[in-house]
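Visitor: Generate coordinates for the sequence data below:
(chains A, B, C and D)
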Protein chains: 4
Amino acid sequence: MSTSSAQQEDALVTSTDPLHPANLISELCASFYTLGWVTGTGGGICIRTDDKVYIAPSGVQKERIEPAHIFVLPYPQAEPSPHTDRIFLRRPKLNLKESACTPLFWNAFTLRNAGSCIHTHSQNAVMATLLWEKDMIFRISHQMIKGVRIGGNGPTLSYLDTLEVPIINNTPNEEDLTDSMKEAMEKYPSAAAILVLRHGIYVWGDDWQKAKTQTECLDYLFEIGVKMKLAGLKTVLNE
Amino acid sequence: MSTSSAQQEDALVTSTDPLHPANLISELCASFYTLGWVTGTGGGICIRTDDKVYIAPSGVQKERIEPAHIFVLPYPQAEPSPHTDRIFLRRPKLNLKESACTPLFWNAFTLRNAGSCIHTHSQNAVMATLLWEKDMIFRISHQMIKGVRIGGNGPTLSYLDTLEVPIINNTPNEEDLTDSMKEAMEKYPSAAAILVLRHGIYVWGDDWQKAKTQTECLDYLFEIGVKMKLAGLKTVLNE
Amino acid sequence: MSTSSAQQEDALVTSTDPLHPANLISELCASFYTLGWVTGTGGGICIRTDDKVYIAPSGVQKERIEPAHIFVLPYPQAEPSPHTDRIFLRRPKLNLKESACTPLFWNAFTLRNAGSCIHTHSQNAVMATLLWEKDMIFRISHQMIKGVRIGGNGPTLSYLDTLEVPIINNTPNEEDLTDSMKEAMEKYPSAAAILVLRHGIYVWGDDWQKAKTQTECLDYLFEIGVKMKLAGLKTVLNE
Amino acid sequence: MSTSSAQQEDALVTSTDPLHPANLISELCASFYTLGWVTGTGGGICIRTDDKVYIAPSGVQKERIEPAHIFVLPYPQAEPSPHTDRIFLRRPKLNLKESACTPLFWNAFTLRNAGSCIHTHSQNAVMATLLWEKDMIFRISHQMIKGVRIGGNGPTLSYLDTLEVPIINNTPNEEDLTDSMKEAMEKYPSAAAILVLRHGIYVWGDDWQKAKTQTECLDYLFEIGVKMKLAGLKTVLNE
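Guide: Predicted coordinates:
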């Protein structure tokens, strides 16, 4: 790689604008660490612009990501959900691998036209998958669900609606969730997120703000839902 | 709008004083986010001076509010609880809408002469509404309730008093709580706050400091009350 | 008060040394707020040097104390536990009152020769008073109690010892706890702290570091003790 | 000690590089304090390079460590697990003692070739020792255990594996855990950490990043495991 092309690549993740995707991913991952969403290198956020996708590395401390660690991929890719032959506009100089969530984030881009996708290992999400494992779908009504959008990108739900988040089985390798996540998104077009049993959640939105606020709303609902269930309260009224 | 009037409007929210309402709202909302009171864009604080009301936007990340996002309204308005025809001294340039809580905050101004009102979606408050739903009133005695004022603006309660916080039913649209909140405030003149079932709480005070410290006291009491109830302990003695 | 004496008084709380008592009280109270120990203006810390006592104001937001808000009293005072006729070296210019805990802090100075005393409303401490109310003494053994000193100022406890923290009844006014706290300290000379039923705790130490680390140890032990009790586990072995 | 040798010693802990071990220990201990891992002076982290070991002092506030407080020892020492005759390259000028965990950290160096070892008093770890006390081994499967390495330094575990963390009995003096920790590490070569009953945990890794992220993963697993156990859920499937 010539010097000038290396400089061009670095320019993709170098900006003084705090809202540049490479800066945002660093800042937001540190904030998610404080929330307990990405402890132990798990979880993260990716951001898509019209023609580029910004993705954090795999297996690194998420509260210590620097913009120089960010991968940039062109969007779209040749394959709808790029498993192996990913094309990059920029790779970090360090010996890093892109997030193992890449094909799962891509599901959100191609199936919901998302501009951002967040993955957490939140204890609230995992407890929800355990306490709703029998139905493989988390359900709650009459709570503050109006911050969540139908399908993750449609109109917001109403207080009187029942929020449903499907739960898919986990697999040892993150990539192997790609097809089952896709199937769940197709089977539940209203679902704003996909829970993964004993693992965590994928949430998307039109942009990073909507992905983040919907993740907060959902995590809040898992937390209150788990508390209600353990206190013997019904989480869905009128059924 | 001419340039000079735009400049005059911006001056209403521009100050180097950290205690200016526009700066305070930004700072306090960020602090409330850390406390888990305003996740997912919900909740917030408004501040009233003698002749102006400062209000945050609706549907935005509350930990990222900037003074330039703040709405300023004259006080009083033509209507006591301004539903539709609100008059503004300043609107943000961004395409923002004022908080949907505006008419509920106004209840606190007109009925209790409050200088500030806070709305949270705190899990402690919501759990309290669920565990005290049968009575539609949260009650606790013999705890640290002396930080709470009778009616929110009177003398402080005593350790030996019983704190009562009425719970009103929730509605899909925040504005539709206006009348039932008003009725509850009139029916319970000693109440320092109004809980909203499965939703959160409205707390007011003579100024932002009193509104904030009373919100902290009440949230603390909901937290300990919920713990006591789940542990099988009575929250009101001597009855 | 002449200008020069006002300047002399202000010099008592003005220092660039972060370890000056006036700076420490501000910093530590903000840290205690984050820990949930002093929400809603409750709780705080005082620091005593050889001949001076530094005390925070009453009824203020503890995370926003500034050095200029600190009271300075000469030590000792004419009365061993100064209820009414306190002598001051410096009062803040703002219309503030010294902490209502002043005579209780004084108990720690006179009875245990403490250099610092901390008061918290920690939920862990309050839950401990509720779950050990029958015995009016919190007891735990075989936990990390070796950070706690016998009497608060003696040698540290051993893992094999049983930590005992007496619980006194609460009163509506903080000052009225003075005598019962004193009696409990005399009755339990090994006690490192005094719990107040449905209210909180007083912890002291030879200096602010020891008072703070012992408060942390005790709060940790109340937290684990409450969890154990609620899970049906015995907190004292070998009895 | 001559001036120049004192200067040489200080140079061992003086660096503008935030990743220098002396700076890292200070920063990480402050971060661990926020996580509740090292309250009340307990716990800490040590870092080993090829020929040096950096260790924090004993009995100090872990969130306030400064690089100048760090001890530096040559590695290896004459004795494999140096109990008494430790050799130092640098001692702090303050009257401090090296961490009582020193010989336990050394176990991780000599038995697992670790580059870093972390000790916490985390409530999650202690609750795990209490709820798994009957078996003296914590066991969980089908959770996010893939961030944990076999033996702490081997390949990562799979989602389908069962994570096992042995629990050893506690002793009043930290040093007296040295032999039983060593025995447990030899008996369980796959164990990535050693739990200490009613006390905490020791976790190691090839470097500070791996030790830290594995501590986070394990703490997360203790937290979810304790929640599952208290909710009546099995933590190990397929047995």
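
Visitor: Least confident secondary structure element in chain A?
Guide: Here the helix or strand of chain A ranked lowest by mean pLDDT, DSSP states H and E is helix A:3-11, holding a mean of 85.

Visitor: Averaged pLDDT, the next helix or strand after it. What do you get?
Guide: Towards the C-terminus, the helix or strand next in line after helix A:3-11, according to DSSP states H and E, is helix A:21-34. Predicted confidence along helix A:21-34 averages 97 (mean pLDDT).

Visitor: centre of the chain versus helix A:21-34, how much separation?
Guide: Averaging C-alpha positions (C-alpha atoms, centre = their mean, to the nearest Å) puts helix A:21-34 13 Å from its chain's average.

Visitor: Kindly report the same for stretch A:117-130.
Guide: Put simply, stretch A:117-130 sits 11 Å off its chain's centre (C-alpha atoms, centre = their mean).

Visitor: May I see the buried residues of it?
Guide: Taking 16 or more other C-beta atoms under 10 Å in any protein chain shown as the basis for neighbour counts, the residues of stretch A:117-130 that come out buried are A:117-130. Where you see a C-beta, it was placed from the backbone N, CA and C, and this is true even at glycine.

Visitor: Tell me which residues touch the closest residue in space to residue A:187 that isn't next to it in sequence, please.
Guide: In space, residue A:187 comes closest to residue A:166 once its chain neighbours are excluded; the distance is 7.3 Å by C-beta to C-beta, 6 or more residues apart in numbering or on different chains. Residues counted as contacts of residue A:166 (C-beta atoms under 8 Å, 6 or more residues apart in numbering or on different chains) are A:136-137, A:184, A:187-188, A:191, A:194-195.

Visitor: for chain A, what are the low-confidence residue spans?
Guide: By pLDDT under 70, the weakly predicted segments of chain A are A:1-3, A:80-83.

Visitor: interface residues of chain A facing chain D?
Guide: If contacts are counted using C-beta under 8 Å from any C-beta of the partner chain, the residues of chain A sitting beside chain D are A:39-42, A:61, A:121, A:123, A:126-127, A:130-131, A:170-172, A:198-200, A:230.

Visitor: I'd like to know how far the closest residue to chain D within chain A sits from chain B.
Guide: For chain A, the residue positioned closest to chain D under C-beta to the nearest C-beta is residue A:40, at a distance of 3.8 Å. Separation of residue A:40 from chain B (C-beta to the nearest C-beta, to the nearest Å): 22 Å.

Visitor: ok so that residue is a helix residue?
Guide: Yes: counting by DSSP: H, G, I helix; E, B strand; the rest coil, residue A:40 is located in a helix.

Visitor: thinking it is in contact with residue D:223, fair?
Guide: No: the pair residue A:40 / residue D:223 is not scored as a contact, 11.7 Å apart, by C-beta atoms under 8 Å.

Visitor: who has more neighbours, these two?
Guide: For residue A:40 and residue D:223, the more surrounded residue by other C-beta atoms under 10 Å in any protein chain shown is residue A:40, and the numbers stand at 25 against 20.

Visitor: so what's that one up against?
Guide: Listed by C-beta under 8 Å, 6+ apart, the contact set of residue A:40 reads A:121, D:144, D:147, D:213-214, D:216-217, D:220.

Visitor: centroid residue for chain A?
Guide: What sits nearest the mean C-alpha location of chain A, by C-alpha atoms, centre = their mean, is residue A:118, with 2.0 Å.

Visitor: So that one sits against residue A:213, correct?
Guide: No: using C-beta under 8 Å, residue A:118 makes no contact with residue A:213, being 10.4 Å away.

Visitor: Run a quick neighbour tally on residue A:234.
Guide: Residue A:234 has 12 neighbouring residues, counting by other C-beta under 10 Å.

Visitor: ugh, wrong one, residue A:134
Guide: Per other C-beta under 10 Å, the neighbour tally for residue A:134 reads 6.

Visitor: mind listing what residue A:205 touches?
Guide: With contacts defined as C-beta under 8 Å, 6+ apart, the neighbours of residue A:205 are A:114-116, A:149, A:152-153, A:211-214.

Visitor: Put the alpha carbons of the host helix or strand of residue A:213 into PDB.
Guide: When secondary structure is defined by DSSP H and E, residue A:213 falls within helix A:208-230. Once non-C-alpha atoms are left out, helix A:208-230 reads as follows in PDB (Å, rounded to 0.1, in the frame of the first residue of the first chain):
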ATOM      1  CA  TRP A 208     -27.300   6.100  15.500                       C
ATOM      2  CA  GLN A 209     -29.500   8.300  17.600                       C
ATOM      3  CA  LYS A 210     -32.600   6.100  16.900                       C
ATOM      4  CA  ALA A 211     -30.700   2.900  17.400                       C
ATOM      5  CA  LYS A 212     -29.300   4.100  20.700                       C
ATOM      6  CA  THR A 213     -32.500   5.500  22.200                       C
ATOM      7  CA  GLN A 214     -34.400   2.400  21.100                       C
ATOM      8  CA  THR A 215     -31.800   0.200  22.700                       C
ATOM      9  CA  GLU A 216     -32.200   2.200  25.900                       C
ATOM     10  CA  CYS A 217     -36.000   1.900  25.800                       C
ATOM     11  CA  LEU A 218     -35.800  -1.900  25.200                       C
ATOM     12  CA  ASP A 219     -33.200  -2.400  27.900                       C
ATOM     13  CA  TYR A 220     -35.400  -0.400  30.300                       C
ATOM     14  CA  LEU A 221     -38.400  -2.700  29.300                       C
ATOM     15  CA  PHE A 222     -36.400  -5.900  29.800                       C
ATOM     16  CA  GLU A 223     -35.300  -4.600  33.300                       C
ATOM     17  CA  ILE A 224     -38.800  -3.700  34.400                       C
ATOM     18  CA  GLY A 225     -40.200  -6.900  32.800                       C
ATOM     19  CA  VAL A 226     -37.800  -9.100  34.600                       C
ATOM     20  CA  LYS A 227     -38.600  -7.300  37.900                       C
ATOM     21  CA  MET A 228     -42.300  -7.700  37.300                       C
ATOM     22  CA  LYS A 229     -42.000 -11.400  36.400                       C
ATOM     23  CA  LEU A 230     -39.900 -12.100  39.500                       C
END
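
Visitor: Do it and chain C come into contact?
Guide: No: remark: helix A:208-230 sits outside contact range of chain C, by C-beta under 8 Å from any C-beta, the gap being at least 12.3 Å.

Visitor: any idea of the angle that helix forms with helix B:21-34?
Guide: With axes from the mean of the first three to the mean of the last three C-alpha atoms, to 10 degrees as the criterion, the two stretches helix A:208-230 and helix B:21-34 enclose an angle of 50 degrees.

Visitor: which other helices and strands contact helix A:208-230?
Guide: Applying 3 or more C-beta pairs under 8 Å, 6 or more residues apart in numbering or on different chains; DSSP states H and E, one finds that helix A:208-230 contacts helix A:21-34, strand A:44-48, strand A:116-120, helix A:123-131, strand A:137-141, strand A:193-196, strand A:200-205, helix B:123-131.

Visitor: if we can go back for a sec, give me the buried subset of the contacts of residue A:40.
Guide: For the contacts of residue A:40, a neighbour count by 16+ other C-beta under 10 Å gives the buried set as A:121, D:144, D:147, D:213-214, D:216-217, D:220.

Visitor: Need the max-distance pair from the residues you listed.
Guide: A:121 and D:214 (14.6 Å; C-beta to C-beta).

Visitor: Reformat the contacts of residue A:40 as CSV; add distance to residue B:86.
Guide: What follows is the contacts of residue A:40, written out as CSV (distance: C-beta to C-beta, whole Å):
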residue, distance to residue B:86
A:121, 44
D:144, 49
D:147, 52
D:213, 51
D:214, 55
D:216, 48
D:217, 52
D:220, 47
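
Visitor: Which one of the residues you listed is nearest to residue A:159?
Guide: Checking these one by one against residue A:159 (C-beta to C-beta), the nearest turns out to be residue A:121, at 28.8 Å.

Visitor: Quick one: residues contacting the closest one.
Guide: If you count contacts by C-beta under 8 Å, 6+ apart, then residue A:121 has A:37-40, A:42-43, A:199-200, D:144, D:220 around it.

Visitor: quick one: which of the residues you listed is nearest to residue C:51?
Guide: Of all the contacts of residue A:121, residue A:39 has the smallest distance to residue C:51: 48.5 Å, by C-beta to C-beta.

Visitor: Good, wrapping up.
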